[in-house]
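Using only what follows, build the 3D model:
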Amino acid sequence: MKNSKKEIATKRMEILFNNALSNAKNNPGLAQRQAEIAKKISLKFKIKMPFEISSSFCKKCKKFIAPGIASKIRLGSKPKSITITCSYCNHTYRKIISQ
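Sure, this is the predicted structure:
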């Protein structure tokens, strides 16, 4: 019974995240709300969010930042890395790409 609830919650979280990505440009308020609901689902059912979903939230202000719309994404060369800058709070963080 618990596994079926977690599977349903995971699917619902993915659906909400995909809808948030598609609505990010035209209706950012709706996209923000859908992303918040997806995050609340993961907290309620104690499900770890996949990397692609968790990396779409700012680490400082906790808002949903759609790639390219509400954030700047840059690639680094020396240590291969991705630099993400939130457009809401201007917080910058890096993710090092392992080889």
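
how far does the lowest-mean-pLDDT helix or strand in the chain sit from the chain's center?
When each helix and strand of the chain is scored by mean pLDDT, DSSP states H and E, helix 51-54 comes last, with a mean of 87. Relative to the chain's own centre, helix 51-54 is displaced by 5 Å; criterion: C-alpha atoms, centre = their mean, to the nearest Å.

show me the contacts for the nearest residue in space to Ile96 that is not next to it in sequence.
Nearest residue to Ile96 in three dimensions, chain neighbours excluded: Ser81, at 4.8 Å (C-beta to C-beta, 6 or more residues apart in numbering). In this view, the C-beta of every residue, glycine as well, is placed from N, C-alpha and C. Ser81 makes contacts with Leu75, Arg94, Lys95, Ile96, Ile97, as judged by C-beta atoms under 8 Å, 6 or more residues apart in numbering.

next one: Lys78
Taking C-beta under 8 Å, 6+ apart as the definition of contact, Lys78 has no neighbours.

Name the SS class of it, please.
Recorded secondary structure, Lys78: coil (DSSP: H, G, I helix; E, B strand; the rest coil).

For Lys48, see how far away it is.
Separation of Lys78 from Lys48 (C-beta to C-beta, to the nearest Å): 31 Å.

Same question for Asn90.
Counting by C-beta to C-beta - Asn90 and Lys48 are separated by 28 Å.

just Thr83 next, same as before
Taking C-beta to C-beta as the measure, Thr83 and Lys48 are separated by 24 Å.
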